[in-house]
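Structure, please.
(2 chains)
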Amino acid sequence: MKKINILIAFLGIMLSSCEDFLTIAPETALSSATFYKTETDFQQAVNAAYAPLRTITNDRSWLLTEMRSDNTIYARNINFGATEQQEDLSDHALPEAQGITTNTHVLNQYRQDYLIIARTNQILTLIDDVEFNQASKDNLKGQALFLRGYAYYELARYFGSVPLHLTPVTTREEAALPLTPEADIYNQLIGDIQAAINLLPVRSQQGVGRASKGAAQMLLADVFMTQKRWAEAETLLKAIVSSGEYELIANYEDVFSESVGNKNTKESLFEIQYLEGPEGLQSSFLYAFMPRPISLQELQPITGTSNPQPLDGEGNNIPTPDIIAAYEEGDLRKDASIDYVEISGSDRANKVYPYIKKYAKHHDLHGVHGINWPIYRYAEVLLFLAEALNEQGKTTEAVGHLNEIRNRAGLANTTASGQAEMREAIFKERRVELAFENKRWFDLTRTDRVQEIIGAFGARALANPLDYYYPAGNTFRSIAFTNITKYYALPAAEAEITPHF
Amino acid sequence: MKKIYEQRIRRLLGLCCMFLLTVTPLLAQQAGQITGKIVSEEDSEPIPGVSILVTGTNRGTVTNMDGDFTIQASSGETLTISFIGFQTKVVPVTAGQTVYQIPLVSSIGDLGEVVVVGYGSQRRADITSAVSVINMENIGDVPTTNATRLIQGQAAGVQVRQRSGRPGEEMEITIRGLGSLGAGSQPLFVVDGFPIGTSLGQNLNPADIESITVLKDAASTAIYGARGSNGVILITTKSAKEGQVGIDFVVNQGFANIPDSRRTKMMNGVEFAQFKKDSFEDRIRYFDQREPSLEEVPLEFRFPEQTQHNTDWFQEIMNQNARFSNYNATLTAGKGDIRSLVSVGYINQEGAVLNTNFDRFNVRANLDGKVTEWLSMGWNIAASHSRENYASTDGRDALIGRALWADPRYPVYNEDGSYNSYIGGTNGVFGTANIVQELNEMERTLNTNNILSNGYLEFSFLKDFKFRTSVNATLIGTEQKEYRPSTLAGTGFNQPPPREASLIQRADNVINIAADQLLSYSKVLGNHRIDGLLGYSAQEETFKRLQGNANEFPNDVTRYLNSAIRQVSSSGENSWSLMAYFARANYSFMDRYLFSASMRREGSSRFGANNKWGNFPAFSAGWRISEESFMPQTTWITDLKVRGSYGITGNNAIGNYSSLSNMAISNYVLGGNIANGQRLANFANANLGWEQSEQTDIGLDLAMFDNRLIFTAEYYNRLTNNMLLSVEMPIVSGFGSSLDNVGQVRNRGVELALDYRTRISQVNLRSNLNFTLNRNKVLEIRGDNDEIWAGGFYSVYNVSKAGRPMAMLHGFKMMGIFNTEEEILAWPTQDGAIPGTYKYFDANGDGVISYDQQDMVEIGNPHPDYIINMTIGGDYRKFDFNVLFTGAFNYDVMRNIEATTMNMDGVFNILHSGINRWRSAENPGDGVGATTNTWKWQRESNSRYIYDASHVWLRNVSLGYAIPNNPVIPNARLFVSAENLFLITSYPGSNPEVNQRGGINIGVDDERYPVPRTFTLGATIKF
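All right, here's what the predicted structure looks like:
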């Protein structure tokens, strides 16, 4: 150590060491300057790129998709109030002006998708400059591309045109880009996912829970279905079928994740991962799906926890009479998907409410479960394949795939014949097979049936508020079902900070 | 690691110095005994406590209550006679004379008086900047735990607000307006030369304070560089005066109450049941257009007059006659080369809310004196231990808010004496835990240990030079515990106990070390007086936290982390450092022309790599016109000075690592296990720098009639540039915002202070009047988007935008109440409005009142137009008195709690005045209360909840009586004091100064801990 000259110290001239004294790095966080240097760093960066998906599926996407559709609805508790944000989504009354909405859920969905994009952009820009094992690098790049493609696909379906960012933002000025047309967003995300397919290993070679080749193929097939590029979709879907990596689970009830076990099964192509326990990585959506106010005695049999607590507020994602009626007689999926609970605190004469049973799996502690959220299941591969074939006129080839799904559900083969009937049969089958898995809304948008189906649904609901869980003497707000649109308006909070929208 | 730490310490200290204090006892020489009496020249009254020292020796004494003294001195020696508030006098001892009558001349406002300024002191006459010296005489016998209270009402331009009555609460101090949107507006506190931060904390014993100086303009604060822009408060603790020996005791006992006038009148049980009954019936009348039958009203409200309980929850949680006690003992030993003052204190303040209290032990030892002819030293060490039982009292859903809205129809206790644990929660009435039970059963403690040490060595050399090296350190350890037992209910519907118990335990440690090296030069050469200062300062602070959270306890007896079923632990640490070089030169010519310049170059760890160092220059000049030969030598102008200053200061209160780009943890789950994830947490901003204030000040000091009247006027203009602001950014950056230097705010104003003292027969009177006028304006925020909205739709928005003062209150403008459907149809569309709801102004004129911010306008100004404070004090024979009024005028407060207590949907108990709500077109009520038929269009942020909060507080009245001399107790004084005695205001809440949310969310009242009235009786005894 340098000896300090006292005289110099007296005068305070210690320029050589000043900068050291004034440089303090945080003790509790890594510095970005030393990160993104090793394989482990990129591994961790990719893990963090998955993380927003946890928020998206636990908190949000069911609000913007399932509750937006005719499958579920917001069940008012008139003793509560001031929770219009969800109500506006459910009854199509989003405040909107000049293509902008103040709804916070729309904002959060938008933000979480861009967080995935920001994180993957960082990875994809830096990873090639760092030397490490090529196979590992390909896998990580593949996952990053998959996630970026997935996030842009969500944005394209929710909003249409959005800003396209492919490199990390390093200055404030770069952070605001103009809207890119929907078609160009699609071109970009298709490129990303195509590249991911080529880089990713198949499911059996991939780490559990990570995106695999099959998941990427299914994602791209989904995109092609939306774009009505049936033949390309068919090719991808057939590749998944012939990969031998996936199969249907015999009993529909056993398909869905438990809180601890039964995750990432043979039927699962991609699902969002949660962990029961105190680590803070749990899911809790089951609680959001409960009709309210629910007492602890009413809740406990559903959750099985040792410490149930009553839930106040208003009910979200409550199955509509329409979805309940959509199940055919004898469909095993009905009881596996929907159950009923009597709510003593309800203001309705009929205090019995349906709730989503698919995810109602027992767990230890109130508010903390580890139930995974399904994104792509093999059943959907088969239904997509049936649809892609039917749309190309290969109706007879399609029938087998549809019946495979129906038979598992305890139903007889379909009676539909001809392309049009078959189309409707597949559309219906998707609704019940994939009920409450956030598929219905996008089925309506990609088939351009939003106005037709939601319009009719709205009219029914407005005419019979009691059936839609209002207590006697109460009904929907006057603005309900006045803003039925295919796309969401862009979020106001983001619009405020960009000159472009 | 250790080596690095050692290196840092060395750099911090600047040199390795050892405090080896040698106390050399000097032998007293033989001399004759002389006696005397010290009196005031003005009125010949004896002055007790005056210090008398035989010059150049360690022989000294202090006058007794009658002004008498006895001392050993021989002819040829001189006596130095000094006392605070009087000019020091030197009297030669002449042979043969053994009895002396010595008159002292008052030095109040005296120009020779020395004022503490940054890194030194200055003759008052030479000061060319805006500095307020708090006259400790004007404060009275204030029963307070916190020293910030002493500043209240004492200085122009300094707003001191008591925002709540929580025991031990530090007051909020703002000097010359809000200067920052993002980095805080609190001044820097400097205790005995040690800059301790923007909060004084709760641990300084007010009884230990000798003087307080407030530095207001840039010329006085620029020497504190990047921490000077919000003003600086210099606190100096007491030290032993030469020759002063004795022991003082102060005992003060009293009690505190919440007077009825500071309570909010809510409905009682019967009234609330009637209200609920009426609202059920009114709904049927309105929606079904028919008369209801009694059976349609829920049974519990059907017969309101049979309601069994009328619980006034606010009354139930009051702790009336809350004890206050304070004991201080000060031992002064001013003889010898090293003088010492040792004080011990204990203060205990019970809260006016049940089961809340604060107590503190203080001990302090201040030593100073000469070690050799050329070396002097000083060492202060203070320690304290405070304990607080606190409660969550602030906000709608905290205890005070709940005490207002809880259902009054429920009793506190069941018939068997146990708590009735769950209040409300049926028939649409919001439920809450029993508030009394919560206060009694919930455990919330906050204990603090504090050690503060200031030490220096000062070398005198080459006649005019001094070198002072000082080391300051403080250690603060805090332990906090909050345990919520399972016996407490939750808030809301359906939340009865037992519920999950929870515990938070936290231990924080702060260590802050600073070292200063000061070289000073002082010389008088004929008409030239020169002072120079060169300094180097370094400071470093580290904060550490260890915290455990636990949930689910098998029982409520063992309330520790390891008893719980689920536990989460966390820890953290952060630090900052700064280093600065500074210089100051003062020059005066013929005592008429005064010049001062200072410069500080400061580096801070908080700022970006490209902007680590900043320069903070300041200049000032003064002209003492009264010293000019052309001024007639009148007796009525004692002193007249005009002065001006300009300087640049900074604000670095932005958090410790804001300029760096760091990674943050963002984990995922893979294969059933935690998958560690890291993401970029923020932008690096290498250019991030301090917020810069440019301030110009013009002042006038006028002293008249032998300093009996002293008048000071100031005009200032402070421009804050490069404000440190978190600016939102599109999310694709990966983070929603980043800190940047943008925007500009201006504060300009006028300060007037008038001191007047007079004597009418045997009554001495003194008064101080100060006036503050500050005008705040945002000049710029950022390029395209010049508005910051802080707050919420159902509370209130504070909006800062260019061209208006900061944080103006925004909401709908309430234009009345809709009386009929026709009125609604004739009005711009308000979706869901029914008769009885509020009518809002269509601000954007689009024909629709949209249910968002579009039609919101400015509805209130939270900045007072002016502030006036007045102190009147005096004495008559053995009696003395002191009275303080504080007042602020023409400003608004959003009484946001009324969005709850006037929320008519029957979820909460409501204000008693809600009886006069709108019932029907025929019975439209008082135009204030809306209908009970809906909740919409009444509880949004709107102008109905805005009130003028102009007020005058009679803050304190103190009366004293000096007990005539007697052999048992030589010097004693009895006093009584009343604090916060009364409040004159039309504001309906309990405290117009509440400023609940602080920062830039000013002027909102969601109910806080009420401010009590405190009466005390005390005695001072001196030996």
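
What lies in contact with the top helix by length along chain B?
The residue-count maximum for a helix in chain B (DSSP state H) belongs to helix B:269-283. Contacts to helix B:269-283, defined as CB atoms under 8 Å, 6 or more residues apart in numbering or on different chains, come from residues B:267, B:292, B:296-298, B:300-302, B:304-305, B:307-311, B:407-409, B:427, B:429, B:904-906, B:909-910, B:912, B:914-915, B:919-920, B:931-933. C-beta: built from backbone N, CA, C; applies to glycine.

how far is that helix from where the chain is centred?
Distance of helix B:269-283 from the chain centroid (CA atoms, centre = their mean, to the nearest Å) equals 44 Å.

Let's test this: mean pLDDT of stretch B:477-484, rounded?
For stretch B:477-484, mean pLDDT rounds to 96.

What of stretch B:298-311?
92.

does any part of that stretch sit near chain A?
No. Using CB under 8 Å from any CB of the partner chain, stretch B:298-311 stays clear of chain A, coming no nearer than 11.2 Å.

Pull out the buried residues from that stretch.
Judged by neighbour count using 16 or more other CB atoms under 10 Å in any protein chain shown, the buried positions of stretch B:298-311 are B:300-301, B:304, B:307, B:311.

Equivalent analysis for stretch A:440-449, please.
A:440-447.

Same check on stretch A:202-215?
Result for stretch A:202-215 [16+ other CB under 10 Å]: buried residues A:203, A:206, A:209-215.

now, among those residues, which is nearest to B:V250?
Taking CB to CB as the measure, B:V250 lies nearest A:G209 of those, at 69.5 Å.

tell me the contacts of B:A978?
Per CB under 8 Å, 6+ apart, neighbours of B:A978: B:956-958, B:1013-1016.

Show me how far the helix or strand where it lies is from its chain's centre.
Using DSSP states H and E, B:A978 maps to strand B:971-985. Centroid separation between strand B:971-985 and its chain, computed with CA atoms, centre = their mean, is 20 Å.

Buried ones in it, by neighbour count?
B:971-973, B:975-981, B:983, B:985.

Let's have these in a markdown table, adding distance to B:S522 and pLDDT.
Listed next are these as a markdown table, based on distance: CB to CB, whole Å; pLDDT from 0 to 100:
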| residue | distance to B:S522 | pLDDT |
| --- | --- | --- |
| B:N971 | 37 | 80 |
| B:A972 | 42 | 88 |
| B:R973 | 39 | 91 |
| B:F975 | 41 | 95 |
| B:V976 | 46 | 96 |
| B:S977 | 42 | 95 |
| B:A978 | 46 | 95 |
| B:E979 | 43 | 95 |
| B:N980 | 45 | 94 |
| B:L981 | 47 | 93 |
| B:L983 | 49 | 94 |
| B:T985 | 51 | 94 |
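
for those, which one is nearest B:G254?
Of all the buried residues of strand B:971-985, B:S977 has the smallest distance to B:G254: 7.5 Å, by CB to CB.

residue contacts, that closest one?
B:140-143, B:252, B:254, B:956-959, B:1014-1016, B:1018.

B:Q547 is in contact with B:R506, isn't it?
Yes. Under the criterion of CB atoms under 8 Å, B:Q547 makes contact with B:R506 at 4.5 Å.

got the residues of the stretch 201-350 of chain A near chain B?
For the stretch 201-350 of chain A, the contact set with chain B under CB under 8 Å from any CB comprises A:207-210, A:263, A:273-275, A:278-281, A:293-295, A:307, A:309-312, A:345.

which of those residues are buried?
A:209-210, A:263, A:273-275, A:281, A:293-295, A:307, A:309-312, A:345.

Let's see which of the buried residues of stretch A:440-449 end up in helices.
Filtering the buried residues of stretch A:440-449 for helices - DSSP H - leaves A:440-446.

possible to save the residues you listed as CSV with pLDDT?
Converted to CSV, those look like this (pLDDT from 0 to 100):
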residue, pLDDT
A:R440, 97
A:W441, 97
A:F442, 97
A:D443, 97
A:L444, 97
A:T445, 97
A:R446, 96
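
Pipe the residues you listed into CSV and attach distance to B:T174 per row.
Below are those laid out as CSV (distance: CB to CB, whole Å):
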residue, distance to B:T174
A:R440, 56
A:W441, 52
A:F442, 54
A:D443, 59
A:L444, 57
A:T445, 54
A:R446, 59
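
could you pick out which of the residues you listed are near chain B?
Counting by CB under 8 Å from any CB, no member of those reaches chain B.

shaky segments in the chain?
No chain was given, so I picked chain A. The model of chain A has pLDDT under 70 over residues A:1-18, A:81-82.

Oops, wrong one, chain B.
B:1-31, B:42-43, B:84-85, B:106-112, B:635, B:783-785.

Show me the helices in it, by range?
B:2-13, B:218-221, B:269-283, B:299-302, B:313-317, B:399-405, B:435-441, B:821-826, B:898-901.

With respect to burial, which of the ones you listed scores highest?
Compared across the helices of chain B, helix B:218-221 shows the largest average neighbour count, a mean of 32 (mean count of other CB atoms under 10 Å in any protein chain shown).

Now do it: everything it contacts.
With CB under 8 Å, 6+ apart, helix B:218-221 has contacts from B:117-118, B:128-131, B:188, B:215, B:228-229, B:231-232, B:596, B:598, B:618-620, B:645-649, B:693-697, B:718.
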